[in-house]
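**Student:** here are the coordinates; sequence isn't available:
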């Protein structure tokens, strides 16, 4: 059985590597080309850093700060709301839990584009257009159902007997949650927080609609400015794509072990 599945597994890995690796290789390769060499031979070109020189500047650092603020703010707000909500749904059974989960599924199914016009009107009345707060609130509302549904199984895996033992020792509900439940489920919280951060880092739709000045766009929206009516600046677009991906690679590399281990590490410790 193992002899048969071994080559098949290796073949699948090789195909996936080609499927994802070739486009990434092409992106990096194109970022070192001149505009007139983009559609030429993949290897017969003179490497240049002109695209990176044009991309790196005050506009890039402003967009980076915008993306980082949106991602960190959204992650903090989502966890602040989703953690207690997921814990409550994990400990409540019956009609209330079923109704809550059903509403979360419905909210999760609503397309992001359907919220743009209503949110634009609301934020306009509240004075939150062209404001970082408005984009963070919009992203938070979009990702809370996602966070709650992912966190709920982690809290359900925490044995209720541990909470009962803590209450017998005199701990109240808040102390029990903070000292007993949260340390066991911390890997789940960290996993969800990382996923929310990665999703918020790629914010585009709300940014281009709620920020009125292109100079305040985050990185993902800044990429769209490389596409114009006169054509596409392929080296500039690819250079910005590489620079935008670096923080994501760093976050993923630092969090890979915790994402892989999941709840098991927190439960054992």
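**Tutor:** Nice, I can see it. Everything numeric in this text was worked out from a predicted model, so none of it was measured. Numbers count the residues shown, from 1 in each chain.
**Student:** regarding the protein, what is its longest helix?
**Tutor:** Ranked by number of residues, the top helix in the chain under DSSP state H is helix 58-91.
**Student:** which other helices and strands contact the next helix or strand after it?
**Tutor:** Next helix or strand after helix 58-91 toward the C-terminus (DSSP states H and E): helix 95-109. If contacts are counted by 3 or more C-beta pairs under 8 Å, 6 or more residues apart in numbering; DSSP states H and E, helix 95-109 sits against helix 58-91, helix 132-156. Where you see a C-beta, it was placed from the backbone N, CA and C, and this is true even at glycine.
**Student:** where does the prediction get shaky in the stretch 101-250 of the chain?
**Tutor:** Of all residues in the stretch 101-250 of the chain, those with pLDDT under 70 make up the ranges 228-230.
**Student:** quick one, helices of it?
**Tutor:** Ranges of helices within the stretch 101-250 of the chain are 113-126, 132-156, 160-168, 173-176, 182-184, 186-201, 205-210, 219-224, 234-261, based on DSSP state H, counting those that start in this stretch.
**Student:** give the buried residues for the longest one.
**Tutor:** Buried residues in helix 234-261, counted by 16 or more other C-beta atoms under 10 Å: 234-245, 247, 255, 258.
**Student:** quick revisit: want to try CSV for the helices and strands packed on helix 95-109, with distance to residue 195 and mean neighbour count as columns?
**Tutor:** What follows is the helices and strands packed on helix 95-109, written out as CSV (distance: least, C-beta to C-beta, whole Å; neighbours: other C-beta atoms under 10 Å):
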stretch, distance to residue 195, mean neighbour count
helix 58-91, 9, 19
helix 132-156, 7, 21
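**Student:** mind putting those helices in TSV, distance to residue 198 included?
**Tutor:** Converted to TSV, the helices and strands packed on helix 95-109 look like this (distance: least, C-beta to C-beta, whole Å):
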stretch	distance to residue 198
helix 58-91	8
helix 132-156	11
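**Student:** closest one to residue 217 among those helices?
**Tutor:** helix 58-91 (6.0 Å; C-beta to C-beta).
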